[in-house]
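Novice: mind folding the following:
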Amino acid sequence: MFPKLHEVSKEMTMRIGNVVVIVSAVVFGAFQFVPGLAQEERQNKERQNNKDSYLQQSPGANTPKDIDEWRKGESRGGLAPFPAAPPGTPNPPGGLYQFGGSGKTSFGSPDLGMPFAVFKELMEKQRLAVDKAAHDRLESQFHLDCKLDTKATMSRGKPLAVGPTGKLPKGVNNWEEYAALPEAAIKAGNAFPYKPLEHPLQSTAHMLFPPQWTKVHPEHERFDVGFDIPDCYLPEFPPPLYLTTHPELGDVARGVEITYGNYFNMMNGILTPEQMDGLRLMVTPFQTTWFNSTHHRVTPEPSQGVSCLSCHVNGHTNGSIELAPDSRPNYARLRTDTPTLRGNYALLLFSSKRSIRGMDHFADVEEYFDGDTTLLAAIGGRNLEKPQVNHMGDFNSIIDYPPAPKLDVLNNLISSRATPEELHGEALFNGKAKCASCHVPTLQFTDNSMHDLKVERFYNGRPEGPIKTFPLRGIKDSPPYLHDGRLLTLEDTVEFFNIILETQLTAQEKKDLVQYLRAL
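Specialist: You can find the predicted model right below:
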């Protein structure tokens, strides 16, 4: 039918000339061909010429004409812009807290930009200098002399390191004198000992394991960078595992590191099948950023990856570090010490900066790829289904705190079991020291919230913003402290918060507070 109409139209055009144009339009108008096409062309031209129909919708209020020029005008609070940092770039001197603003992109790349052998050789050549720079950075802030208290130990007997390790500025006689200085005076001196720590090689970053782990697991030894904090300031290895379902068993691991090879025989008859499956997944190595079988890795040989319990060994921690996945560029990400999984049943917040509100959700988004799904797609890795992460959450939910024989059912000291120093420390904790304002005893010493300590009041640098309140039950087993491990001992922690909260504690009060914290 249509070809005949077309032929008729063509024939009439030849015979009648201009008259047929009208007839042809009428004929095709009935089938909406020529007028329809013409109308569509007009609409397309109108869209192109109409500045108010950006992508067929409004571009929004005050949208800049040149987005790149607009980005140049960002306010960084007086901080220098982040320098470019391709993987392997050594940290700039002076600390990454001195930079601020945005980066060029949110996305990483699985492409090294060079053959793996070349990358490995370059990283091996610079590692000595990278490690020395990280050590020098710590030495500039801390006394790394590993003083130990042989009478005070962690749950399996490792002596506690004692401090404070932070270095006081020259001319300051003691910590009480320093804490009494005005904020402006401390900041002007630019010698605040508890400035933020960064990853020793932040441009590459990702998981970095301490020697106590890599001696047993050489497959996780990196060729580009080594761990910076000495083992004496780290948790004992392997740590105990306590279960809410079997408190009569005490430490169910009894000095054994739980692995894929032994988990079933160790836990058979203790866990439910569902919990057992959750534990299986938590000891299963998965490929991650920089630990995998591709050339995008920092291990000499291809790696099966890491498991949850590679960092959260026996449901606790070995002191390994990562970068928080919640910000970009890489230089803006916060160094994070591995937190314990003990007592997660008492928590409502499962990430240091983000509102992750369930253990299954936490297990689902555990940041094996630094929050970069483009790397996940390129390298491969964890693709777990909801029942699986639920099982992981079910095992996670029965990991308990270590016994605290001096605490009653509401986490108050039992006076007949506590020393006078510990009882005084408890009174300070709940009063003058202001600790209980956030670390509520009946809530396992947390408030399930986030707080901004505004530490940048005391140094020239980028604000870190709110961080979640970590629980203090069993805290003596979990050094170093604060989210990035900058507080190497409990003594450092007390000195830090005495300055931050302006509580003006005396030397004896701070000692008593430490004694109390050890009893938790």
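Novice: C-alpha from now on. contacts and neighbour counts both.
Specialist: Will do.
Novice: so where's the chain uncertain?
Specialist: The chain contains residues with pLDDT under 70 at 1-37, 42-55, 355, 357, 359-361, 363-364.
Novice: how about the strands in it?
Specialist: Listed in chain order, the strands of the chain (DSSP state E) span 80-81, 99-100, 148-153, 159-161, 242-243, 321-323, 335-337, 399-400, 450-451, 467-468.
Novice: count the neighbours of residue 376 for me.
Specialist: Applying other CA atoms under 10 Å, we find 19 residues neighbouring residue 376.
Novice: could you check how far it is from residue 438?
Specialist: Distance of residue 376 to residue 438, computed by CA to CA, to the nearest Å: 37 Å.
Novice: tell me, what residue is most central in the protein?
Specialist: For the chain, residue 324 is the residue whose C-alpha lies nearest the centre (CA atoms, centre = their mean; 2.2 Å).
Novice: contact partners for that residue?
Specialist: By CA atoms under 8 Å, 6 or more residues apart in numbering, the residues touching residue 324 are 333, 334, 335, 336, 370.
Novice: as JSON lines, those with neighbour count would be great.
Specialist: Listed next are those as JSON lines, based on neighbours: other CA atoms under 10 Å:
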{"residue": "333", "neighbour count": "20"}
{"residue": "334", "neighbour count": "26"}
{"residue": "335", "neighbour count": "24"}
{"residue": "336", "neighbour count": "22"}
{"residue": "370", "neighbour count": "23"}
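Novice: just the residues you listed now: which is nearest residue 76?
Specialist: If you rank the contacts of residue 324 by distance to residue 76 using CA to CA, residue 333 comes first, at 15.5 Å.
Novice: verify the contact between that closest one and residue 353 for me.
Specialist: No: applying CA atoms under 8 Å, one finds residue 333 not in contact with residue 353, separated by 10.9 Å.
Novice: which residues are in contact with each of the two?
Specialist: Joint contacts of residue 333 and residue 353 (CA under 8 Å, 6+ apart) are residue 326.
Novice: can you list the strands of the chain in TSV and add distance to residue 502?
Specialist: Below are these laid out as TSV (distance: least, CA to CA, whole Å):
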stretch	distance to residue 502
strand 80-81	30
strand 99-100	27
strand 148-153	28
strand 159-161	25
strand 242-243	37
strand 321-323	30
strand 335-337	26
strand 399-400	34
strand 450-451	16
strand 467-468	19
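Novice: surely residue 518 and residue 475 touch.
Specialist: Yes: assessed by CA under 8 Å, residue 518 is found in contact with residue 475 at 7.1 Å.
Novice: check the offset of stretch 454-464 from the chain's centre.
Specialist: Relative to its parent chain, stretch 454-464 has a centroid offset of 19 Å by CA atoms, centre = their mean, to the nearest Å.
Novice: residue 300: how many residues sit nearby?
Specialist: Residue 300, neighbours per other CA under 10 Å, totals 16.
Novice: distance of the nearest residue to residue 321 once chain neighbours are set aside from residue 206?
Specialist: Nearest residue to residue 321 in three dimensions, chain neighbours excluded: residue 337, at 4.7 Å (CA to CA, 6 or more residues apart in numbering). Using CA to CA, we find residue 337 at a distance of 12 Å from residue 206.
Novice: what is in contact with those two at once?
Specialist: Common neighbours of residue 337 and residue 206 (CA under 8 Å, 6+ apart) are 321, 322.
Novice: gap between stretch 267-286 and the chain center?
Specialist: So, by CA atoms, centre = their mean, the centroid of stretch 267-286 is 25 Å from its chain's centroid.
Novice: residues touching the residue lying closest to residue 480 once chain neighbours are set aside, list them.
Specialist: Leaving aside its chain neighbours, residue 480 sits nearest to residue 488 (4.5 Å; criterion: CA to CA, 6+ apart). By CA under 8 Å, 6+ apart, the contact list for residue 488 reads 163, 165, 233, 479, 480, 481.
Novice: please report how far the second one lies from residue 440.
Specialist: Relative to residue 440, residue 165 is positioned 27 Å away (criterion: CA to CA).
Novice: equivalent analysis for the last one, please.
Specialist: Taking CA to CA as the measure, residue 481 and residue 440 are separated by 18 Å.
Novice: neighbour count: those two, which is higher?
Specialist: Ranked by neighbour count (other CA under 10 Å), residue 481 and residue 440 place residue 481 first, with 21 against 18.
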